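Engineer: Dropping a prediction and its sequence here:
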Amino acid sequence: MVLDCTGPVIDPDDPDRAVDQSRLDMLRVYVASVLPSLGDNIIETDTCRYAMTPDEDFIIDRHPGYPQILIASPCSGQGFKFAVLIGRILADLALQGATAHNIERFRLNRPALVSQIGAA
């Protein structure tokens, strides 16, 4: 079982990768409710760090001051799942100047980014 997209904002340079006991306890309760015969034997725990935008969407856009520069941040593990499509979109933008795919929700000037980081 996995707790995904949860947890505190952390400093990426912080070497502490300890599993949060309260989150582990919450996961135990959940597992016991859906798989009661599984028992309480935890074999392994681990933590995972990744970047996320405030709205959890990717960034795919041109630099506002230098339109010849493309900016892409697929973020976290979900970007891996879309690597082929994101690569195609970036290739379209770089080679043709446009893409047939609707990338409006991934723009730098969307509300979640503007309100959080002041993107232009």
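Structural biologist: Thanks, I have it. Numbering: from 1, shown residues only.
Engineer: ok so residue 108 is a strand residue?
Structural biologist: No. Applying DSSP: H, G, I helix; E, B strand; the rest coil, one finds residue 108 to be coil, outside a strand.
Engineer: What does the pLDDT read for it?
Structural biologist: Here the pLDDT value assigned to residue 108 is 94.
Engineer: go on, residue 74?
Structural biologist: Per-residue confidence at residue 74 stands at 87 (pLDDT).
Engineer: same check, this time on residue 1
Structural biologist: The score at residue 1 is 56. That number is its pLDDT.
Engineer: is it true that residue 99 touches residue 89?
Structural biologist: Yes. If you go by CB atoms under 8 Å, residue 99 and residue 89 touch, sitting 4.8 Å apart. For glycine as for every other residue, the C-beta is placed from the backbone atoms N, C-alpha and C.
Engineer: ok, those two, which is more surrounded?
Structural biologist: Using other CB atoms under 10 Å as the criterion, residue 99 and residue 89 rank with residue 89 on top: 20 against 15.
Engineer: State the three-state secondary structure for that one.
Structural biologist: helix.
Engineer: And residue 61, by the same measure?
Structural biologist: Residue 61 falls in the strand class when you classify it by three-state DSSP.
Engineer: who touches it in this structure?
Structural biologist: 70, 71, 103, 106, 107, 108, 109 (CB atoms under 8 Å, 6 or more residues apart in numbering).
Engineer: Just say helix, strand or coil for residue 71.
Structural biologist: Relying on three-state DSSP, one would call residue 71 strand.
Engineer: how many neighbours does the residue lying closest to residue 20 once chain neighbours are set aside have?
Structural biologist: Once flanking residues are discounted, residue 20 sits nearest to residue 7: 7.1 Å by CB to CB, 6 or more residues apart in numbering. For residue 7, the neighbour count with other CB under 10 Å is 12.
Engineer: Would you confirm that residue 7 contacts residue 22?
Structural biologist: No. Using CB under 8 Å, residue 7 is not in contact with residue 22, being 10.7 Å away.
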